[in-house]
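**Q** One predicted model, sequence on top.
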Number of protein chains: 2
Amino acid sequence: MKTICFAGLGLMGQEMAMNLLKKGYILKVYNRTPLKAEPLVEKGAELALNLSEGVKGVDIMITMVSDDEALENLVTMEVLKNLGEGKTHLSMSSVSPACIEKLSILHRKAGVKLLSCPVFGRPDAAREGKLWLCLAGEDEAKETAMDILKSMAQKIYDFGLHPWVANVIKLAGNFLIASAIEALSEAFSFVEKNGVEAIKLYNIMTETLFSSIVYKGYGSNILEKKYKTPGFKLRLGYKDIRLLRDTARNSYTPMPFASMLEDRFLRALEDQKGDWDWSAIAEYQMTDSGLS
Amino acid sequence: MKTICFAGLGLMGQEMAMNLLKKGYILKVYNRTPLKAEPLVEKGAELALNLSEGVKGVDIMITMVSDDEALENLVTMEVLKNLGEGKTHLSMSSVSPACIEKLSILHRKAGVKLLSCPVFGRPDAAREGKLWLCLAGEDEAKETAMDILKSMAQKIYDFGLHPWVANVIKLAGNFLIASAIEALSEAFSFVEKNGVEAIKLYNIMTETLFSSIVYKGYGSNILEKKYKTPGFKLRLGYKDIRLLRDTARNSYTPMPFASMLEDRFLRALEDQKGDWDWSAIAEYQMTDSGLS
């Protein structure tokens, strides 16, 4: 069984690490605030007080942190050297393609193989090992990581040799979700303002044209205003839209829906809703329409 | 078997009438330009040269025309009187809730029962009797029309007693579809501009988060630029977005995605693309991104 050092124990990381423990992997865990490691240590994980020490002697390092800055601060040359030449770093954070490109260079210098593998799925899917994985990187590293990836995944999508490609896909996917949330919130406001209960629209749409988990899940979140137990925090949703917009800007891609979405998120952050579920942007459509 | 006068033989109406003939109904058909009635007359429909004469003696009148103006010009007091007191008019056009409210008054005066029943589904679903129907109106009229509705439908959604409610739902539904088309086109441009083939995004998304017919169908339309054999014409898509915006405006509902969509459609109409499929609005995202 491979030994793993798992860094980043937020909502997702914690569940992913717990799933790996359950599957029998030997795990060292690291988090900036060690308190979050407690449930994992109780189940047999070893706590690493710093990542440089934690990665010594393990087969693979997995990182799952919140943004570019956190990842770049975490994965230093010292950490990579201690992990050791020929070893694999499996980066599962949703970060920018540019960040992954920058890290690639650092990894090459240290002789560490980099896989980028952002995930789709909420914490319950992480706990059950049913994530959808967007994988990219060198084939040899994929082989090393494959049993671990399989134990986390409902399905693995391979996007080839260039790690950053997986992050392009992940940002585009989150943009599609955010667009669906906004479209649903506008449609719900529209019918409510015209005397029709939003649930009626929800029922027909999710049974016919939009019978997908995004429309079902977020549609019901919005209808029930289930924002305070986040599956995905609004501040992270904003981060992904910001990274999407940065990447779009750098590649000269105008995206009018994305621009509008950024403003929705900024409005919600101004309102201290960063720790709510990201579908809470729908509240501002309701408010703008005089419905709440 | 009930006798029907079917008016409006466009892309959808023609297939719906053909399906009714196949199911054994006795059909009179009317269209402003009679040429389109030919395939139906060949299969046994009787051609009515004007609607006032056509509706005499039938059990039910069905209308399926392109917009408010066409419907209001078609359904005159003379037509309703000739149809006769106690008879039923089944209006299946995607028109504005305001238009249906106006028609309700006229129907009450003539003693004709009005059902509003706009449909979701493309011409092939109409031909196979597999439409999704948004039905609203008086219960008695629903009973009269039920066998006919069933022969057209994959499923019937009943939205209660007020006919215009069905049209509110239909406009909101078409707005959700148009939003999905726009979001897909932006996401595809984004990945292409960042060196990733759009088909890769399509595959993962339609297999996971967005495994619904709208994302699968329109996503593949966009990828294959399959715009010239319209399932739903762009000029009619624009009409629905315009009716949505009018209805939103009258009810003081700001809808930022809808505003942006209206501009996309105007751009496409300016470019003489009214007879293309409405998913052709995606072309302008490609053009704006320097991709075509």
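**A** Happy to help now that I have it.
**Q** How about the residues of the stretch 51-200 of chain A by chain B?
**A** With C-beta under 8 Å from any C-beta of the partner chain as the criterion, the stretch 51-200 of chain A meets chain B at residues A:97, A:120, A:132, A:134, A:155, A:157, A:159, A:162, A:165, A:168-169, A:171-173, A:175-177, A:179-180, A:182-184, A:186-187, A:189-191, A:193-196, A:200. C-beta coordinates here come from the backbone N, C-alpha and C atoms, glycine included.
**Q** if you set the cut-off to 7 Å instead, what comes out?
**A** A:97, A:120, A:132, A:134, A:157, A:159, A:165, A:168-169, A:172-173, A:175-177, A:179, A:182-183, A:186-187, A:189-191, A:193-194, A:196, A:200 (C-beta under 7 Å from any C-beta of the partner chain).
**Q** Out of those, which sit inside helices?
**A** When DSSP state H defines the helices, the subset of those inside them is A:97, A:165, A:168-169, A:172-173, A:175-177, A:179, A:182-183, A:186-187, A:189-191, A:193, A:200.
**Q** hey, where'd the helices end up in the stretch 151-292 of chain A?
**A** A:163-193, A:198-207, A:213-224, A:234-250, A:256-270, A:282-288 (DSSP state H, counting those that start in this stretch).
**Q** out of these, deepest packed?
**A** Comparing those by mean neighbour count (mean count of other C-beta atoms under 10 Å in any protein chain shown), helix A:163-193 ranks first with a mean of 26.
**Q** now that one against helix B:256-270, angle please.
**A** Orientation check (axes from the mean of the first three to the mean of the last three C-alpha atoms, to 10 degrees): helix A:163-193 against helix B:256-270 gives 100 degrees.
**Q** quick check: angle from helix A:163-193 to helix A:198-207?
**A** 140 degrees.
**Q** and helix A:163-193, how far out from the chain's middle?
**A** Distance, stretch centre to chain centre, for helix A:163-193: 15 Å (C-alpha atoms, centre = their mean, to the nearest Å).
**Q** between it and helix A:213-224, how big is the angle?
**A** Using the same axes, to 10 degrees: helix A:163-193 against helix A:213-224 is 40 degrees.
**Q** For A:L106, list the residues it contacts.
**A** Contact analysis of A:L106 by C-beta atoms under 7 Å, 6 or more residues apart in numbering or on different chains lists A:M77, A:L80.
**Q** quick one: it from B:P123, how far?
**A** Going from A:L106 to B:P123 by C-beta to C-beta, to the nearest Å gives 56 Å.
**Q** what does A:K193 give?
**A** Remark: distance between A:K193 and B:P123 (C-beta to C-beta) = 32 Å.
**Q** can you check A:S251 too?
**A** Distance, A:S251 to B:P123, by C-beta to C-beta: 38 Å.
**Q** show me the contacts for the spatially most central residue of chain A.
**A** Most central in chain A under C-alpha atoms, centre = their mean is A:S94, positioned 4.7 Å from the mean C-alpha point. Shown in contact with A:S94 (C-beta under 7 Å, 6+ apart): A:P118, A:K170, A:D240.
**Q** Does the second one touch A:A136 like I think?
**A** If I follow you right, that is A:K170. No: using C-beta atoms under 7 Å, A:K170 is not in contact with A:A136, being 10.2 Å away.
**Q** Stretch A:19-32 - what's its average pLDDT?
**A** Mean pLDDT, computed over stretch A:19-32, is 97.
**Q** Can you give me the end-to-end span of that stretch?
**A** 21 Å (C-alpha to C-alpha, to the nearest Å).
**Q** what does that stretch contact?
**A** Stretch A:19-32 is contacted by residues A:1-9, A:17, A:37, A:40, A:43-48, A:51, A:54, A:58, A:126-127, A:129, A:148, A:151-152 when judged by C-beta under 7 Å, 6+ apart.
**Q** how does chain A divide up, domain by domain?
**A** As recorded under automatic domain parsing, the domains making up chain A are A:3-161, A:167-288.
**Q** mind checking which of those is nearest B:R245?
**A** Closest to B:R245 of the domains of chain A is domain A:167-288 (C-beta to C-beta; 10.0 Å).
**Q** Let me see the contact set for A:A7.
**A** Shown in contact with A:A7 (C-beta under 7 Å, 6+ apart): A:Y30, A:L51, A:M61, A:T63, A:L74.
**Q** go on, A:K200?
**A** By C-beta under 7 Å, 6+ apart, the residues touching A:K200 are B:F159, B:I169.
**Q** cool, A:F188 as well?
**A** Counted by C-beta under 7 Å, 6+ apart, A:F188 has contacts A:A198, A:L201, A:I222.
**Q** correct me, but the last one touches A:S279?
**A** Going back to what we said before, that points to A:I222. Yes: counting by C-beta under 7 Å, A:I222 touches A:S279, with 5.8 Å between them.
**Q** separation between the closest residue to A:L27 other than its chain neighbours and chain B?
**A** Excluding its sequence neighbours, the residue lying closest to A:L27 (C-beta to C-beta, 6 or more residues apart in numbering or on different chains) is A:A45, at 4.4 Å. Separation of A:A45 from chain B (C-beta to the nearest C-beta, to the nearest Å): 29 Å.
**Q** Equivalent analysis for A:Y30, please.
**A** Here A:Y30 is placed at a distance of 30 Å from chain B (C-beta to the nearest C-beta).
**Q** Quick one: the strands in the stretch 1-150 of chain A, in order.
**A** A:3-7, A:26-30, A:46-47, A:60-63, A:88-91, A:113-116, A:119-120, A:131-137 (DSSP state E, counting those that start in this stretch).
**Q** Could you please name the strands the second one pairs with and the direction of each pair?
**A** If I follow you right, that is strand A:26-30. strand A:3-7 (parallel), strand A:46-47 (parallel) (DSSP bridges).
**Q** and if you look at the longest one?
**A** For strand A:131-137, the paired strands and their directions (DSSP bridges) read strand A:113-116 (antiparallel), strand A:119-120 (antiparallel), strand A:153-158 (parallel).
**Q** just for chain A, where's the confidence low?
**A** Scanning chain A for pLDDT under 70 picks out no residues.
**Q** can you name the farthest residue from the center of it?
**A** Using C-alpha atoms, centre = their mean, the residue of chain A lying farthest from its centre is A:G195. It sits 37.7 Å away.
**Q** so what's the backbone phi/psi at it?
**A** Phi and psi for A:G195, reported as degrees, to the nearest 10, are phi 80, psi 20.
**Q** Ok, A:K56 next?
**A** Note on A:K56: its backbone torsions stand at phi -60, psi 120 [degrees, to the nearest 10].
**Q** For the closest residue to it other than its chain neighbours, which residues are in contact?
**A** Nearest residue to A:K56 in three dimensions, chain neighbours excluded: A:N82, at 5.2 Å (C-beta to C-beta, 6+ apart). Applying C-beta under 7 Å, 6+ apart to A:N82 gives the contacts A:S52, A:V55, A:K56.
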